[in-house]
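1. Need a 3D model of the following:
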Amino acid sequence: MRIGTIRRGGSYLAALIDSEGTSVSVMPQSGAAPAGGLLGLIKSGARLDALTGEAPGPIASADLVAPIPHPARNIFCVGKNYAEHAKELAGSLFQDSEPPFPIVFSKVPETVIGPGAPIEIDPAVSTAIDYEVELAVIIGREGRNISKADALSHIWGYTIVNDITARDIQKRHSQWLLGKSLDGFCPMGPWAVTADEIDLSNTGVRTYVNGELRQSANTRDLIFDIPTLIETISNGITLKPGDIIATGTPAGVGMGFDPPRYLKPGDVVRVEIDGIGALENPVVERGG
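-> Model (predicted):
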C-alpha cells in the first residue's frame, strides 16, 4: 500500500496513492484517518485495511509533501554502509576498510522537503553539494533496546531520502551534522509504502542527475542490514513512531568522480527505489 501526505488548507492529510502513482484518494479527517497526515495515521494505529478515501483525483493536482513533513520526527542516518561507496571516498572522507560498527549521525528536521521542492544552493555557504539516494525506514512501533530478531516488527514502512550533503563543510568538521543539515537538504518521498511492499534482500536503488545514471546498487549490498541498524540505534534510545532511519548510500556520489561532479543550479536530481517510486527535485541557487 502507498500512502502519502497531502497539504490542504494548512492541514496535513493522509492519502492513498494508486499503484501507478498517478491518482490520489485523500482521507478525510476522522477517527480512521486523523489529522497530521501519515504521521498522524501511524500514531493512531489505525487498521490499514479499513482505510477509505475520497473519490480519486489526479496526483498532479494535489499538494503532495514529504510523507513525514517538517516538523519531522528524528532523522537518523547511516554512513559508510555500502562497501563500494567507502572505497570511492577512501582518503578523502573514509579509510578503505569497512567499519566494525554502524556509523550513525543525524539531520535536523528543517532539512525535510517534499517531491518537486527545490534543493537550494547557497554558494556563500558551500560550493560542494552532493546527492545520496537512500532507502529510509519509517518506525511504526515505539521501542528501546530492540533486538535484531524483533526489529522488523517495529517498522511501519519505507520511503526514499536524498541525503544532500555539503562535502566541504562535512570535511571541515569532525562530525557530519553541519554538512548534512543545511535547510532543505533532506528531500523525502514522494510517498511511503507499507513494510510488506519491500524485499530488503533485493531492492534496487538509483540516482540520475539530468537523466544520467550516477548511482545504481541493491539493498543486498548493505554492510549492516536493517535489523542491525535498528538494534544499534535503539540501544538506550527510544525510537518512536515516525522516526526515520536512512540506511546509507551506494557508490557513484559526485565526490567520487575525478574531478568531483557536484550539483549546480539548473540540475534535476531523480532518486529511485524499486517498490516505492521516484523522487525528483530541481536544484536552484538560493535567492536566485
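2. going forward, measure contacts between C-alpha atoms and count neighbours the same way
-> Will do.
3. Give me the phi and psi for residue 46.
-> With angles defined as degrees, to the nearest 10, residue 46 sits at phi -60, psi 140.
4. Count the neighbours of it for me.
-> For residue 46, the neighbour count with other CA atoms under 10 Å is 15.
5. roughly how far apart are it and residue 40?
-> Distance, residue 46 to residue 40, by CA to CA, to the nearest Å: 10 Å.
6. try residue 5
-> For residue 5 relative to residue 40 (CA to CA), the value is 10 Å.
7. Enumerate every residue touching the residue positioned nearest the centre of the chain.
-> The centroid of the chain falls nearest to residue 161 when counting by CA atoms, centre = their mean (2.0 Å). Contacts for residue 161 (CA atoms under 8 Å, 6 or more residues apart in numbering) come out as 133, 134, 135, 136, 186, 187, 188, 189, 246.
8. check contacts around the last one.
-> In this case it means residue 246. Contact analysis of residue 246 by CA under 8 Å, 6+ apart lists 75, 76, 77, 78, 134, 135, 136, 137, 161.
9. In space, what's closest to the residue lying farthest from the centre of the chain - neighbours in sequence excluded?
-> Most distant residue from the mean C-alpha position of the chain: residue 55, 28.8 Å away (CA atoms, centre = their mean). Leaving aside its sequence neighbours, residue 55 sits nearest to residue 25 (CA to CA, 6 or more residues apart in numbering; 5.9 Å).
10. I'd assumed residue 61 was in contact with that neighbour.
-> No: here residue 25 lies out of contact with residue 61, judged by CA atoms under 8 Å, at a distance of 11.5 Å.
11. need the helices for the stretch 151-288 of the chain, in chain order.
-> 167-172, 177-180, 226-233 (DSSP state H, counting those that start in this stretch).
12. wait, which of those helices is closest to residue 198?
-> helix 226-233 (12.1 Å; CA to CA).
13. For the host helix or strand of residue 5, report the contacting residues that lie outside it.
-> Of the helices and strands defined by DSSP states H and E, residue 5 is found in strand 2-8. Applying CA under 8 Å, 6+ apart, the contact partners of strand 2-8 are 12-19, 26, 37-38, 62-69, 189-194, 276.
14. now the residues you listed: which count as buried?
-> Neighbour-count burial (16 or more other CA atoms under 10 Å) applied to these gives 12-17, 26, 37-38, 62, 64-69, 189-194, 276.
15. related to what we said a few turns ago, in which helix or strand does the residue nearest to residue 55 reside?
-> According to DSSP H and E, residue 25 maps onto strand 23-26.
16. Pairing partners for that strand, with directions?
-> strand 11-17 (antiparallel), strand 57-58 (antiparallel) (DSSP bridges).
17. from the middle of its chain, how far away would that strand be?
-> Here strand 23-26 is found 22 Å from its chain centre; the criterion is CA atoms, centre = their mean, to the nearest Å.
18. Okay, buried residues for the next helix or strand after it please.
-> Tracing the chain past strand 23-26, the next element assigned as helix or strand by DSSP H and E is helix 37-44. Within helix 37-44, the residues that qualify as buried are 37, 38, 39, 40, 41, 42, 43, counting by 16+ other CA under 10 Å.
19. Residue 2 pairs with what?
-> residue 17, residue 193.
20. Could you check how many residues crowd around it?
-> 23.
21. Excluding chain neighbours, give the residue nearest to residue 110 in space.
-> In space, and not counting its chain neighbours, residue 110 is closest to residue 183: 5.7 Å by CA to CA, 6+ apart.
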